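In: Curious how this folds, go ahead:
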Amino acid sequence: MGLNTKVNVKELLGRFLPKQTVFAAVDYGTRSIKTASVSTAGPRPMLLQLSRVAQPVTVGDEPGLDARVNLLAEAIELAGMKNQEVIATLGADKVITRHLQLPLMPEKELAAAVSFEAEKLIPVPLSDLIVRYVKLGETEGGEGKQQEVLLAAVPLDVVHGFYELFVQAGVTITALDLQPLALWRALSGVVGSPGSPPDEVSAIVDIGAVNTTLIVVHQGALLFWRSLAVGGDLLTKSMAEAYGISFEEAQTLKEESGKVLSTEEAAEVISPEEMQLDFSLRDGLGEVVREIRRSLDFYAGTKGARSVERIVLSGGGSNLQGFALFLADALGIPSKIGALPVDIPPGAGDEMPYQDPAMFMSVGLALREAGVRSIQK
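Out: Numbering: from 1, shown residues only. As a prediction, the model looks like this:
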């Protein structure tokens, strides 16, 4: 080796050190804490572990720090993740995201351009925020090639508090991911599925308790995203008011007996109880559907937008019986529950709730380090 030869120590070590292939994730949700572990060693990701622990059903103030630490520690213990590094995500209400379209430029110039745009678009001093960006791909427009950039900003105190919560529970956050990206990985066909992603424009809608995340994708490209301040709690509140019961009682009623009736089923209903239940659910769903429609209309008005041909559902809110058909009828777009692009160990199907849409976000987080197809359009 000559004296002038430069040695890339990182590259050299990478030849001898084993590559990490198992990744763990925690989706700290409002109604439950979901955990997932995925192996990326094979041709398709293998789901190794999937579990959840229910959060207390409350309205308003969240439990104190000690209670949250204990519950998260319980979820970590159940998943066998003690002392591990995990990927996590913050709630959509805590993250400011913006979609930027910028000319192609070197990385240093791009960082400066993103910082400049952040100062214009975010009404909070950047010194109080952690600001990051993700390059999504390139588009061809009237002004030549542009690069699509997802800008994200989170208050420093929120991030520090979240990290501390996880440390006290026995794990370390190695990466904080964004919900739109986790959803994109889990259900858009960019990982795990053979062949090319479907040649149709899809809206993937994840309905949580408090927020709904909506993304639009085409052939693996993330075209549009939006966080909506509506979720399953609207249905619970509507039921609580209709029945004159507590929020907690309404949540139980929704989970155990909730069903949105089809037109044919509604025509045959003679029970006042069934009619009241269906009415209260439809009343709560009205605002959810309106916000989804507004977001799709906003996307349709963007430059180069294509018609959304199907809706793929995710999140605990989409577990409501009859919801997929109700949404399809309301929007005039075929809707169905999504499916994860992962394999499961033989015989583990009964133990893992891998078909439960409430678990999809956690798997999308665990897939963060999986190889993804190009998102260039």
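In: What residues sit buried inside the longest helix along the chain?
Out: If you go by DSSP state H, the chain has its longest helix at helix 272-300. Residues of helix 272-300 classed as buried: 274, 277-278, 280-285, 287-289, 291-292, 295-296, 299 (neighbour count, 16 or more other C-beta atoms under 10 Å). Heads up, the C-betas are built off the backbone N, CA and C, glycines and all.
In: just for the stretch 51-200 of the chain, where's the confidence low?
Out: 59-61, 141-142, 193-197 (pLDDT under 70).
In: and residue 165, how far is that from residue 159?
Out: 11 Å (C-beta to C-beta, to the nearest Å).
In: To clarify, my last question referred to residue 276.
Out: According to C-beta to C-beta, residue 276 and residue 159 sit 45 Å apart.
In: what do you get for residue 88?
Out: In this structure, residue 88 and residue 159 are 11 Å apart, going by C-beta to C-beta.
In: what residues are shared contacts of those two?
Out: residue 176 (C-beta atoms under 8 Å, 6 or more residues apart in numbering).
In: More neighbours: which of these two?
Out: Between residue 88 and residue 159, counted using other C-beta atoms under 10 Å, the more crowded position is residue 88 (21 against 17).
In: packing partners for the helix or strand where the more buried one lies?
Out: Per DSSP states H and E, residue 88 falls inside strand 85-89. On a contact count with 3 or more C-beta pairs under 8 Å, 6 or more residues apart in numbering; DSSP states H and E, strand 85-89 meets strand 22-28, helix 156-169, strand 172-177, helix 360-366.
In: For the last one, the averaged confidence score.
Out: Over the span of helix 360-366, the pLDDT mean works out to 96.
In: residues of it that come out buried?
Out: Within helix 360-366, the residues that count as buried by 16+ other C-beta under 10 Å are 360, 361, 362, 363, 364, 365, 366.
In: Over to the second one?
Out: Applying a neighbour-count criterion of 16+ other C-beta under 10 Å, one finds 159, 162, 165, 166, 169 buried in helix 156-169.
In: want to try TSV for the residues you listed, with distance to residue 237 as columns?
Out: Shown next, in TSV, are these (distance: C-beta to C-beta, whole Å):
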residue	distance to residue 237
159	30
162	27
165	27
166	30
169	30
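In: Which of those residues sits closest to residue 324?
Out: The closest of the buried residues of helix 156-169 to residue 324 turns out to be residue 162 (C-beta to C-beta; 32.7 Å).
In: show me what contacts the closest residue to residue 279 other than its chain neighbours?
Out: Excluding its sequence neighbours, the residue lying closest to residue 279 (C-beta to C-beta, 6 or more residues apart in numbering) is residue 242, at 7.0 Å. Residues near residue 242 by C-beta under 8 Å, 6+ apart: 276, 279, 280, 283.
In: so the first one sits right up against residue 244, yeah?
Out: In this case it means residue 276. No: with contact defined as C-beta atoms under 8 Å, residue 276 does not count as touching residue 244 (11.2 Å).
In: that older thread, tell me how far the residue nearest to residue 279 lies from residue 236.
Out: Distance from residue 242 to residue 236, by C-beta to C-beta: 11 Å.
In: Between the two, which contacts overlap?
Out: Contact with both residue 242 and residue 236 is made by no residue, according to C-beta under 8 Å, 6+ apart.
In: What strands line up against the strand holding residue 88, and which way round?
Out: Sheet pairing of strand 85-89 (DSSP bridges) gives strand 22-28 (parallel), strand 172-177 (parallel).
In: Pull out the buried positions in the first one.
Out: Applying a neighbour-count criterion of 16+ other C-beta under 10 Å, the buried positions in strand 22-28 are 23, 24, 25, 26, 27, 28.
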